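Asker: Kindly return the folded structure for what I paste below:
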Amino acid sequence: MPRLSRPALALACAMPLAVIAAPAAPARAGGVGAIEALRLKMAAERVSILRDKWGIAHVYGNTDADAVFGMVYAQAEDDFKRIELNYINAMGRLAEVEGEKALYQDLRMKLFITPELLKSQYQASPAWLKKLMGAWADGLNFYLHTHPDVQPRLLTRFEPWMALSFSEGSIGGDIESIDLKQLEAFYSKAPQRPQAMPALAMEKEPSGSNGFAIAPALSKSGHALLMINPHTSFYFRPEIHVVSRQGLNAYGAVTWGQFFVYQGFNERLGWMHTSGGADVIDEFVESIAEQDGKLVYQYGKEQRAVRALAIRLPYKTAQGMAEKTVTAYFTHHGPIVREQDGKWVAVALMNEPLKALTQSYVRTKARNYAAFYKAMELRTNSSNNTVYADADGNIAYFHGNFVPVRDAAFDYTKPVDGSNPATDWKGLHAVKDTIQLFNPKNGWIQNTNNWPFSAAGPYSPRRQDYPAYMSVYPENARGIHAVRMLQNQQDFTLDSLIAAAYDSQLTAFEPLLPQLVRAYDESPASDLLKAGLTEQISLLRDWNMRYSLNSVPTSLAIYWLQELVKTHGAAAREKRMPVLDYLGSQISTQQRLEALTRASSRLESDFGSWKTPWGEINRFQRLSGDVVQSFDDDKPSIPIPYASGNWGALAAYGPLTPPKTRRIYGERGNSFVAAVEFGPRIRAKSILAGGQSSDPASPHFLDQAEMYARGEFKEVLFYREDVEKNLERKYHPGE
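Answerer: As a prediction, this is how the structure comes out:
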C-alpha cells in the first residue's frame, strides 16, 4: 500500500486562513444577572475570610462548597490575572489574547482538552463534586461581579465544567512535554530545521522540589515531621487555609485558580509532591498509508482508520480576531504530534480530568494513611512522587502514581513501533506494585526529583526489583546532599529540619573542584594560562564549598561551572549523560583552566572585579505584579545567599531564562516552603518568596522578602483562635 504523499498530506492537514472582523476581547456582558447576583450574595454570607497579619486567607464555610466559593474568591483578590491565565492556557485559548505566536500552544492543549469532553465529564461527575465545581465557578463570577474595575483579558464568566480543564496542579503538566516546534512543523508543514542547543549563560534552574519525612523515633517531640519544599517559579502558588464543617481543614500551597491544596497538610497528615519519577508518557511510531482516499494505520495484521478532527484556533490580530482550522490526526495511542524519518509519531499520556480532580481534592480530606492510600488508588497523579507523614507516626513515599504496564522487552525511552500490538500499554500498575516506602527502619525519607533508590538510605527500594520504566531519573546533587543531612541525625525539631533543608553545601563541586585544582597543579610553571589563575586557585583551594553572601569563591566557582556547562552542555546531552557526570569525566585539563579564565573575565566585565562577593551578584527583586517579571540593576534588590539546585543547593534559587542584567535575579526555586509537626496539635512554620499579594501597593507584596532571604520562617496560624489573635481583616466575600 503506498504511503501518503507529501502534497496529499499538506492538503489534508491545513484548511485556509480566514480573517473575521471581531473585537479583540469580549465585553463584560454575559456576567451575573440580578437574580444570580442575589443567589451569590447569599452564598457569600455563608463564608468568612479571615486575613492574618501576613495577608494569608483563612477561609471558613459551613459546607465544602461554601469553603470552595470563598477559597477561589480569596485567590482572585490576591491575583485574578494568574487565575485567568491558567484557565485560558488550560483550555487552549491563549492565542485569543496573545496572538498568532500561541497558536500551536493552543493546538497542543486542544488535542486533549475540549469543552465537549469536559462538559460530558462534568455531567458524569458525582453530585458532591458537581457542587464543588459549581461553587468554584460561583466564587470567581461573584468576584468579577463585585469588582467591576477588573477587566478580564478573555474569561468574563466561569462555568462549572471549566474546573476540569486544570485538574492536577503541576507546574508543567504532561501535555506540555510535547515539543511545540515539532508540533508546528508537522501541522503547518513548514520544513523542520535542525535545532541547535541554545548557548545559555548558565544551566537553567531545574523545576522540581524537595520532600523530607521524619519518623517519630528521630524527632525530639516523638511526632512525625514533614518538609514541604517545592521548587517552582516564584508566585506560581499562594498560601491558603480552607476549612468547612464537613471535615475540610487544609493548609498549604494552591495553584492559582484551583480549589484544592496541592502541597500541604490538614490536622492529621501532610503530603508533598516532587516532580518526576516514573515514565508516564510514550511515543509510538505509526505506519500511515492511504486507502480509498482515507488514511489508515497498520496495527498488527489489520489496518485501522486514522481519526481526523478539525480543530478551530481563533487568535488575536491588530485588526480583530482571525481563525485557523487545523485537521489533527489520532490513532488509538493518541494524537499525532510530530514526524520522524518520514513517519508519524503519536503520543500516549494520561487524560483523565474527572478522576484527576477527584483525587486532587479527596486526598486533602484524608485523615489517615488508609484513606490517603485509597485516594492514591485513583492513579491520576501522573507527574509526581509523593512524600507523606501523619499524626499516627507514619511516613511514606510513592514514586509516581499513574504508571502504565508495558512489555519490558521494548525500550520506551525512545519511540516504539506502534504497529506492533505488543508495545501497547496494558492498563496501569496497581499502587501496591509501584515503587514505594512505608515506615522504613532508618526513620527518614527524602526525594529531590532523583531516583528512589536512595530515598531511605540502606532501606531504599532496590533498582533490580522494578521495571526500568518505573524510575527514569538518575541520582542528583541535591539527593546526595539530602541523604547526608538526614542520615545519622537524631532529635529533629521543626527548626533543625529547616536548617537541614537550608544547608549551604554545594555538593556538585565536591568531585569537580579538586579536578580543577589538580589541573592547575599539574600544569607547567611556564604555562601562561596557569600564571593568570594563581590567586583564583588559591581562593578555591581553601573554599569549603558552601555558599554565603560574602563569599568570593562562591561567585568564582559558580561562574566557572556555568562556563563549563555553556561550553560542554550540548555534548553531554548528545551522549545522554548528566552534564555534571560529563564534566567530571569527559573534558581536559586545559578546558577546565580555560573555563576559569573565562569566568574571571566575565566577572571582571560585569562587576569590575572577579573578587565580587556572591551577595552582590545573586539578588531578589519584585518590581511589579506582572506574570512575567522584569529586572533592573538600578532598582532596589535584596542579596540572596542560596544557589542553583543544579549545584546541589537544597534551598534552590535561580533564573528561568538567561539574565538580561549583570546581576542574577531568582525566578524559580524555593517559593512556598513549610515544615510541619504532626502532634496532637499541629505546629508548622512557612515562608513565601516575596509575599502573598501581587499588588505592589499591598503591604503583603514584599513583607516576607527579607525573611525569605535569611531563611527565617513565620509561624503558621492553623487554629482559628490563633488567627483571631493575629487578625488583619475579617469579612464575607463581596465586602
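Asker: how close does Pro511 sit to Thr554?
Answerer: 18 Å (CB to CB, to the nearest Å). From N, CA and C alone the C-beta is placed, and that goes for glycine too.
Asker: What of Ala43?
Answerer: Distance from Ala43 to Thr554, by CB to CB: 53 Å.
Asker: between these two, who's got more neighbours?
Answerer: Thr554 (27 against 23; other CB atoms under 10 Å).
Asker: What about the spatially closest residue to Ala366 that is not a sequence neighbour? Give its phi and psi, please.
Answerer: Once flanking residues are discounted, Ala366 sits nearest to Phe372: 4.1 Å by CB to CB, 6 or more residues apart in numbering. With angles defined as degrees, to the nearest 10, Phe372 sits at phi -60, psi -40.
Asker: so what's Phe372 up against?
Answerer: 269, 271, 363, 366, 388, 390 (CB atoms under 8 Å, 6 or more residues apart in numbering).
Asker: and those residues as TSV, adding secondary structure, distance to Asp411 and pLDDT?
Answerer: Shown next, in TSV, are the contacts of Phe372 (DSSP: H, G, I helix; E, B strand; the rest coil; distance: CB to CB, whole Å; pLDDT from 0 to 100):
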residue	secondary structure	distance to Asp411	pLDDT
Leu269	strand	38	98
Trp271	strand	33	98
Arg363	helix	33	97
Ala366	coil	37	98
Tyr388	strand	32	98
Asp390	strand	39	98
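Asker: Which members of those define the maximum pairwise distance?
Answerer: Arg363 and Asp390 (12.1 Å; CB to CB).
Asker: Just name the shakiest helix or strand of this structure by mean pLDDT.
Answerer: When the helices and strands of the chain are scored by mean pLDDT, DSSP states H and E, strand 18-20 comes last with a mean of 34.
Asker: now the helix or strand that that one is followed by, how far from the centre of its chain.
Answerer: Next along the chain after strand 18-20, taking DSSP states H and E as the criterion, comes helix 34-45. Its chain's C-alpha centre and that of helix 34-45 lie 36 Å apart, by CA atoms, centre = their mean, to the nearest Å.
Asker: remind me, longest helix of the chain?
Answerer: Identified as the longest helix of the chain according to DSSP state H is helix 64-90.
Asker: Now do that one: which elements does it pack against?
Answerer: Judged by 3 or more CB pairs under 8 Å, 6 or more residues apart in numbering; DSSP states H and E, helix 64-90 is in contact with helix 34-45, strand 47-52, strand 57-61, helix 103-110, helix 127-146, strand 239-244.
Asker: From the contact counts, what lies against the helix or strand just after that helix?
Answerer: Counting by DSSP H and E, the next helix or strand C-terminal to helix 64-90 is helix 95-98. Judged by 3+ CB pairs under 8 Å, 6+ apart, the packing partners of helix 95-98 are helix 103-110, strand 307-317.
Asker: could these go into a markdown table alongside mean neighbour count?
Answerer: Below are the helices and strands packed on helix 95-98 laid out as a markdown table (neighbours: other CB atoms under 10 Å):
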| stretch | mean neighbour count |
| --- | --- |
| helix 103-110 | 22 |
| strand 307-317 | 16 |
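Asker: So for Gly654, which of those sits nearest?
Answerer: When the helices and strands packed on helix 95-98 are ranked by proximity to Gly654 (CB to CB), helix 103-110 comes first, at 24.3 Å.
Asker: average pLDDT for that closest one?
Answerer: For helix 103-110, mean pLDDT rounds to 97.
Asker: and if you look at stretch 421-434?
Answerer: Stretch 421-434 shows a mean pLDDT of 97.
Asker: Alpha carbons of it, as PDB, please.
Answerer: The C-alpha trace of stretch 421-434 is given here as PDB (Å, rounded to 0.1, in the frame of the first residue of the first chain):
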ATOM      1  CA  PRO A 421       0.400  -4.600  19.400                       C
ATOM      2  CA  ALA A 422       3.000  -5.800  21.900                       C
ATOM      3  CA  THR A 423       4.100  -2.200  22.500                       C
ATOM      4  CA  ASP A 424       0.700  -1.100  23.700                       C
ATOM      5  CA  TRP A 425       0.100  -0.100  27.300                       C
ATOM      6  CA  LYS A 426      -1.600  -2.900  29.200                       C
ATOM      7  CA  GLY A 427      -3.500  -1.000  31.800                       C
ATOM      8  CA  LEU A 428      -2.000   0.600  34.900                       C
ATOM      9  CA  HIS A 429       0.100  -0.800  37.600                       C
ATOM     10  CA  ALA A 430      -1.700  -1.200  40.900                       C
ATOM     11  CA  VAL A 431      -0.400   1.200  43.500                       C
ATOM     12  CA  LYS A 432       0.900  -1.800  45.600                       C
ATOM     13  CA  ASP A 433       3.100  -2.800  42.700                       C
ATOM     14  CA  THR A 434       4.700   0.600  42.200                       C
END
